[in-house]
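Student: Build me a structure from this.
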Amino acid sequence: MKKTLLSLAITILVVPSYSTAQQINKMNPASLGTTALISPDANAQAPSDFITKRSIQVDGRLGPAINNGNPATALQVPGPASAQAVAASTRGVNGFTGLSHLDQLRAGTGPFANSQFSLEPPDQGLAAGNGFILESVNDALAVYDQTGKLLVGPTPLNQFFNRRPEFNRADRTFGDFVADPKALFDRQTQRWFTTALEIDVDPVGGFFTGGTHLLIAVSQTGDPTGQFNLFSIDTTDDGSNGTVSHPGCPCFGDQPLLGANAHGLFISTNEFGLQQGFNGAQVYALSKRQLARGVAPAVVHLGNLPFPEGIPFSIQPAVSGDDGDDREDGDGPGGVEFFMSTPDITLLFDNRVAVWALANTRSLASATPSVTLTHVVIPSETFGVPNDAAQKTGATFLGNLFGEPEEVLQTNDQRMNQVVFARGRLWSALTTSVKQGPNCVTGFESDCKAGIAWFAVVPRFGEHGLRAEVEKQGYVSVQGNNVFFPSIAVGREGAAIAFSLSGQDFFPSAAFVRLGEDGAGRVHVAAAGAGPEDGFTGYARFGGNGHARWGDYTAAVSDGESIWIASEFIPGGRRSFLANWGTFIARIHAGDRDDDR
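Tutor: Sure thing, here's the model as predicted:
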């Protein structure tokens, strides 16, 4: 059986205070070539996934290690919506079911047919533009039109990125580990970008061999059903192949995060050793326009970031919102890319956010880019490690089969989620713990639920350096239930937050709120879950502890006209043996006013 990331025990270590290392690497597109999404045989049978299970577990909760807040006051967050209000309306919404666990199992053609492992969670990726919707999950991609008609796919990530099949049943060999997909449509270049992490795997034994990469695919035109150029960045960082030498490596870049401005494409990862250790966040910057032309640009690698305020973790690069303003940079000379993060992921509570600025991004098009990364930490509303999310009680096929109780859903931690730069502001949100009754003291008792903290931050970068301040902020919660894994999109019509919803009144569902001048409006269900999460990762029979993997993130984007959201939920209908997750993609009109706002 293929070695799983479930076996990696991840512990955050304090990162030494190194000087920022700027490494210039060259990409290698020649060995990767081109690719395209391919639709599988409609008559293909799903493999027997009982013997091919796999879990991506490295993104689970990493704290808390320290409590620097007052729980009695930190969790005083009201619930702005009731469960009854949530269920009442989905006005201004239409959508369709996207990829499911069964879809990703059936994906693939030729040697990739019947090659897929079972995976939880899906890790939702989404891009929209030119009338197309591109969705990526663990471990497949697909393209739809705006009505939900499947145009091409689902295609396994391994097949799309020209890697070996996850498991080749013909010769019983294993392929590379590919996971954590992200997607972006860039209107400036009219190109589609998709990324994923990759870990080399021994074809016979199925264990990790040490080499790791970031995989990047860039469409050759504005049509995602056509050809893509493939690139890779070596993330092994053990001194081999021209990489830097970091402690505890060979390493891999966990959960690569994707952003862009007018000049560059930016990817941030959390660097873990394949055996042990953590080296903090890594930032990779490269020319967006050269990628769009199919040219391999120089890659700036910023690692071991000096950060005396805490531990740099999940530094989210900003993508540009569509608010009628063509400016995609900060106001600094040479172009600026902004990032946001939580200052220290190990703290139980915090009331700060970190804003980062990568300056002189125009130089990324040169043979010797020269950029500088700075940061400020600013006060914010309080947030903290969220509790895991209960589900509405219902029938569970897999749980009943093995005599195990209904799972709860992992909400992971309070890391910063997707960041959008629009209207001169950085918009982002994270999952937090909220107090819904007197029996909530430390953040994990019965009256504590998972909620959302959101931020609108004004950054300024100029001759006096980087400054930032929170202009607006707020919370989203649903009484008696949990909301988690938020993503914000900002368009011409307004803004919206997508997230998952689960609790005493709801099976795991796809939901959202609109953001207006007076904050978050009513919570709406885009797609109601048809039953409880019933996947293998939470059950003891498969090494779980009752807490199922979920998320690990949702997605929300603007296509220039509307906002599109995508998140995991539990659909009705056919399922695979080991899991029943699905995804829902919805188009919402952010400018519609909520009746009870």
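
Student: low-confidence ranges in the stretch 101-250 of the chain?
Tutor: Residues of the stretch 101-250 of the chain meeting the criterion pLDDT under 70: none.

Student: got the residue ranges for the helices in this structure?
Tutor: Using DSSP state H, the helices of the chain run over 71-74, 83-88, 101-106, 157-160, 288-292, 397-401.

Student: Which secondary structure elements does the fifth one sit against?
Tutor: By that I understand helix 288-292. strand 191-201, strand 208-219, strand 264-273 (3 or more C-beta pairs under 8 Å, 6 or more residues apart in numbering; DSSP states H and E). The way it works is simple: take the backbone N, C-alpha and C, and place the C-beta from them, glycine included.

Student: now with 7 Å?
Tutor: strand 264-273 (3 or more C-beta pairs under 7 Å, 6 or more residues apart in numbering; DSSP states H and E).

Student: quick one: strands adjacent to the strand it packs on?
Tutor: strand 251-260 (antiparallel), strand 278-287 (antiparallel) (DSSP bridges).

Student: so which of those gets nearest Phe577?
Tutor: Closest approach to Phe577 among those (C-beta to C-beta): strand 251-260, 27.4 Å.

Student: Just want the angle from that closest one to strand 208-219.
Tutor: 10 degrees (axes from the mean of the first three to the mean of the last three C-alpha atoms, to 10 degrees).

Student: Name the residues that touch strand 251-260?
Tutor: Under the contact criterion C-beta atoms under 7 Å, 6 or more residues apart in numbering, strand 251-260 has outside partners 58-59, 180, 182, 184, 186, 193, 195, 197, 199, 212, 214, 235-237, 266-274, 279, 282, 288, 314, 316-320, 337, 419, 552.

Student: How far does it sit from its chain's centre?
Tutor: 9 Å (C-alpha atoms, centre = their mean, to the nearest Å).

Student: I figured Leu157 hits Lys182, correct?
Tutor: No: contact criterion C-beta atoms under 7 Å: Leu157 and Lys182 do not qualify, at 11.5 Å.

Student: Looking at these two, which is more packed in?
Tutor: Legend: neighbour count by other C-beta atoms under 10 Å for Leu157 and Lys182, higher for Leu157 (28 against 25).

Student: Please report how far the more buried one lies from Leu119.
Tutor: Distance, Leu157 to Leu119, using C-beta to C-beta, to the nearest Å: 10 Å.

Student: before we move on, what about Gln290?
Tutor: Per C-beta to C-beta, Gln290 is found 33 Å from Leu119.

Student: Of these two, which one has the most company?
Tutor: The residue with more neighbours, out of Gln290 and Leu119, is Leu119; 28 against 18, by other C-beta under 10 Å.

Student: Give the closest residue to that one in space, chain neighbours not counted.
Tutor: Distances taken as C-beta to C-beta, 6 or more residues apart in numbering place Asn138 nearest to Leu119, at 4.3 Å, with adjacent residues excluded.

Student: so that neighbour makes contact with Pro122?
Tutor: Yes: contact criterion C-beta under 7 Å: Asn138 and Pro122 qualify, at 5.4 Å.

Student: between these two, which one's more packed in?
Tutor: The residue with more neighbours, out of Asn138 and Pro122, is Pro122; 31 against 27, by other C-beta under 10 Å.

Student: Need phi/psi at the more buried one.
Tutor: Taking degrees, to the nearest 10, you get phi -70, psi -30 for the backbone angles of Pro122.

Student: tell me the contacts of it?
Tutor: Pro122 makes contact with Val137, Asn138, Glu568, Trp581, Thr583, according to C-beta under 7 Å, 6+ apart.
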